[in-house]
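Undergrad: Using only what follows, build the 3D model:
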Amino acid sequence: MARYTGPKTKIARKFGEAIFGEDKAFEKRSYPPGQHGNNRRRPKKSEYAVQLMEKQKAKFTYGILERQFRNLFERASRSKGVTGEVLLQLCETRLDNLVYRLGLAPTRSAARQLVSHRHITLNGSVVNVPSCQVKVGDVVGVREKSKTLDVVERAVSMSNPVHEWLSWNEATLEGTLVSVPQREQITENIKEQLIVELYSK
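TA: Below is the predicted model of the structure:
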């Protein structure tokens, strides 16, 4: 499957946020990339450019390509509730994102790799589709043979407390989606209304 494999710091500098997690290179140079550095005068962005940047930021944050993201938006627009909020909820309840949120992987790309390499289970069955939508009550865990993997052990030992919309059992390395996250529980700095405006044109 196609995915972005280029320099992540360059993308983070483009958006002015460390969207891929802690990045020492970004901290040194948090201004946009370019030949003339921070001295270059940058023209004011148009309304369309601001909306497009917000959509691109959301796609890079969650590691979703354009067609998948468009499909998620169309699904969100057909469902009840605020379209932008539902879109973020759909992104948050993807299997690869939940593996990351549960602290089983240090980054979303590492979580996606764990899933595609068949190290993750959903309700006891091995699943290798990172984009799989997890429903409330579903249990995400680590395959028995994979619990001793260095990357998993290191990530679990360094992980922060689990989010309130998830429950975590450290003894079995399993987490449960307790509820769909509300907008205020989603920590990503994404202005979803701009994305809705862009796709609604």
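Undergrad: I'd assumed Ala76 was in contact with Leu90.
TA: Yes - using CB atoms under 8 Å, Leu90 is in contact with Ala76, at 5.9 Å. Yep, even glycine has a C-beta here, placed from its N, CA and C like the rest.
Undergrad: Buried ones in the longest helix seen in the chain, by neighbour count?
TA: Using DSSP state H, we find that the single longest helix of the chain is helix 47-62. The neighbour-count check on helix 47-62 (16 or more other CB atoms under 10 Å) flags Gln51, Met53, Glu54, Lys55, Gln56, Lys57, Ala58, Lys59, Phe60, Thr61, Tyr62 as buried.
Undergrad: can you pull out the strands in the protein?
TA: 120-122, 125-126, 139-142, 166-169, 174-177 (DSSP state E).
Undergrad: Name the residues that touch the third one?
TA: Taking contacts as CB atoms under 8 Å, 6 or more residues apart in numbering, the residues outside strand 139-142 that touch it are 95, 98-99, 102, 104, 119-124, 134, 149, 152, 172-177.
Undergrad: What does the pLDDT read for Glu144?
TA: Predicted confidence (pLDDT) for Glu144: 92.
Undergrad: count of neighbours near it?
TA: Other residues lying near Glu144 total 10 when counted by other CB atoms under 10 Å.
Undergrad: That one and Tyr100, how far apart?
TA: 21 Å (CB to CB, to the nearest Å).
Undergrad: Show the buried residues in the contacts of strand 139-142.
TA: When these are checked for burial by 16+ other CB under 10 Å, the buried set is 95, 98-99, 102, 104, 119-122, 134, 149, 152, 173-177.
Undergrad: residues in contact with the closest residue to Ala105 other than its chain neighbours?
TA: Counting by CB to CB, 6 or more residues apart in numbering, Ala105 lies nearest to Ala111, which is 3.8 Å off, once chain neighbours are set aside. Contact partners of Ala111, counting by CB under 8 Å, 6+ apart, are Asp96, Asn97, Val99, Tyr100, Leu104, Ala105, Pro130.
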